[in-house]
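# coords please:
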Amino acid sequence: MATSPPYPKHPVGPADGAPRRRAHWWRRKWVGYGALVTLLAISGLVILALVREQTGTEGFLVGLGLAVLPVPLLVAVFRWLDRVDPGPWRNLLFAFAWGACAAALIAIVANSFATRWIATATADPTNADTLGATVIAPVVEESAKAAAVLLVFLFRRRDFTGIVDGVVIAGVTATGFAFTENILYLGTAFGTDQLNGDHGFLSVTAATFFVRVVMSPFAHPLFTVLTGIGFGIAALSAERHHIRRVLLPLAGLLLAMGMHAMWNGSSTFGEFGFFAVYATLMVPAFALLTWLAVRTRQRELRTVRAELPAYAAAGWLSLPEPYVLGSMRARRIARQYAARRFGRPAARSVAEYEAYATSLAFLRHRGRDGRAGADFAVRERELLHELWSRREVARPALGYAAQATAPVPVVPVVPAPWPAYPAYGYAQPYGEPYRQPYGATAPYPTYNPYRP
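So this is what the prediction gives:
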């Protein structure tokens, strides 16, 4: 009896087997990566020299030590939001490096040039500083940070599929930008204290640390996340909606610039202007965006539970897997079980299995909405192949997690009027995909403990 392969074969076309033309050297992937790394490295060295020149070596080291404190927390928060369908670490590293190096360099050069030009044109340095902080800086800084989101949106499209991806990339980019900016502000404050002889809680360094690191570490991420949400909604739109895919990111960018301008201009609103803007604008906006991000994360889990049963029915997944993969607690239990029974490599395989299955669910969801693109079938085969190659380790772990999170209720055993079916594998109505052993037709409906 002929059986189908465990996963679909790649289509065979006239191009298969034909000699392929080698791409020009400037089109090869390593050339693009090398150019990007070189650009970021040069930007980092230049911004390092500029910040050290303004703060001095001692101020730079103090600012660096204090500015790094909120970075792990912020990155962990954005990584937590991305746990349902985690993107590759290289995207996050690029976003952080762009914010800390390229965007910071663009901002410090453009802001300085614009402020000097306004001061020269108006002969009013004080007004030039205020205008530069409230008008020029928000436009320049948010545009520079948005460039990282745009690059990931254009060139890593497979990893940018919705609002959460936009929030994560934008937030990590802004975290890198704030890191470099905090080094500059804290290092300058430390230099001022050295000149004035101030120290302790009444020093300028302590006040700057309290405002920028304790009270508002999320300020820059909050601004840029609005741009990320615009790109995320654009990613959810069909490719034929060209105007929407352009206007939504621009709308998010304008909102980010407006909120950034309000934040920078709070010092001009009077003695308590900062606290008024903080309480009436920043805190509600932060709470609203946090609610939106968590709600979107829960909706992604519901999408996983809704889309994967089709693959379970086809035999690619076992029956309880769609529900296990739709629960973060069950996922964690599966990874822990694999690590405890088979070691860390097995836990890593289970984590990869969960990520590929989630990507498969999102791909199918986009396909049903007409947003999958022309490579839907190719991408689906790739994901199914990755799942199939990891099933031997992942399925026992996910099965254990299913039992741990949803214990099977005790059901009274009713004696059957016929003998029990002898073969355990044949009693499963959904065994290996596209494969049914000879003579395996069950003479009666089988009991499935995972089915309600």
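# and for the residue nearest to residue 46 when sequence neighbours are not counted, the neighbour number?
Using Cβ to Cβ, 6 or more residues apart in numbering and skipping the chain neighbours, the partner closest in space to residue 46 is residue 105 (5.7 Å). To be clear about C-beta, it is placed using only N, CA and C from the backbone, and glycine gets the same treatment. The local packing of residue 105 (other Cβ atoms under 10 Å) involves 21 other residues.
# tell me the secondary structure at residue 105.
What DSSP: H, G, I helix; E, B strand; the rest coil gives for residue 105 is helix.
# surely it and residue 41 touch.
No. Judged on Cβ atoms under 8 Å, residue 105 makes no contact with residue 41 at a distance of 11.8 Å.
# and the residue nearest to residue 46, how far is that from residue 51?
10 Å (Cβ to Cβ, to the nearest Å).
# then residue 288?
Relative to residue 51, residue 288 is positioned 34 Å away (Cβ to Cβ).
# who's more crowded, these two?
Set residue 288 next to residue 51 and count neighbours by other Cβ under 10 Å: residue 51 wins out with 21 against 10.
# tell me which helix or strand the more buried one sits in.
Following DSSP states H and E, one finds residue 51 within helix 29-67.
# in that helix, what counts as buried?
Of all the residues in helix 29-67, those buried under the rule 16 or more other Cβ atoms under 10 Å are 36, 40, 43-44, 46-48, 50-52, 55-56, 59-60, 62-64, 66-67.
# quick check, pLDDT for the residue nearest to residue 215 when sequence neighbours are not counted.
Nearest residue to residue 215 in three dimensions, chain neighbours excluded: residue 278, at 7.2 Å (Cβ to Cβ, 6+ apart). Looking at residue 278, its pLDDT is 87.
# hang on, isn't residue 278 packed against residue 216?
Yes. With contact defined as Cβ under 8 Å, residue 278 counts as touching residue 216 (7.3 Å).
# overlap in contacts of the two?
Counting by Cβ atoms under 8 Å, 6 or more residues apart in numbering, no residue touches both residue 278 and residue 216.
# how close does residue 343 sit to residue 89?
For residue 343, the distance to residue 89 (Cβ to Cβ) stands at 22 Å.
# quick revisit: what's the first helix or strand after the helix holding residue 51?
That would be, after helix 29-67 and using DSSP H and E, helix 70-81.
# dump that next one to PDB, restricted to CA.
Provided in PDB are the C-alpha atoms of helix 70-81 (Å, rounded to 0.1, in the frame of the first residue of the first chain):
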ATOM      1  CA  PRO A  70      17.200  50.200  33.300                       C
ATOM      2  CA  VAL A  71      18.300  48.500  30.100                       C
ATOM      3  CA  PRO A  72      17.900  44.900  31.100                       C
ATOM      4  CA  LEU A  73      14.500  45.500  32.700                       C
ATOM      5  CA  LEU A  74      13.200  47.300  29.500                       C
ATOM      6  CA  VAL A  75      14.600  44.600  27.200                       C
ATOM      7  CA  ALA A  76      13.100  41.900  29.400                       C
ATOM      8  CA  VAL A  77       9.700  43.600  29.300                       C
ATOM      9  CA  PHE A  78       9.700  43.800  25.500                       C
ATOM     10  CA  ARG A  79      11.000  40.300  25.200                       C
ATOM     11  CA  TRP A  80       8.100  39.100  27.400                       C
ATOM     12  CA  LEU A  81       5.600  40.700  25.100                       C
END
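# and the helix holding residue 51, what does it pack against?
Identification of packing neighbours for helix 29-67 by 3 or more Cβ pairs under 8 Å, 6 or more residues apart in numbering; DSSP states H and E yields helix 89-97, helix 104-122, helix 163-196, helix 204-209.
# most tightly packed of those helices?
Comparing the helices and strands packed on helix 29-67 by mean neighbour count (mean count of other Cβ atoms under 10 Å), helix 163-196 ranks first with a mean of 25.
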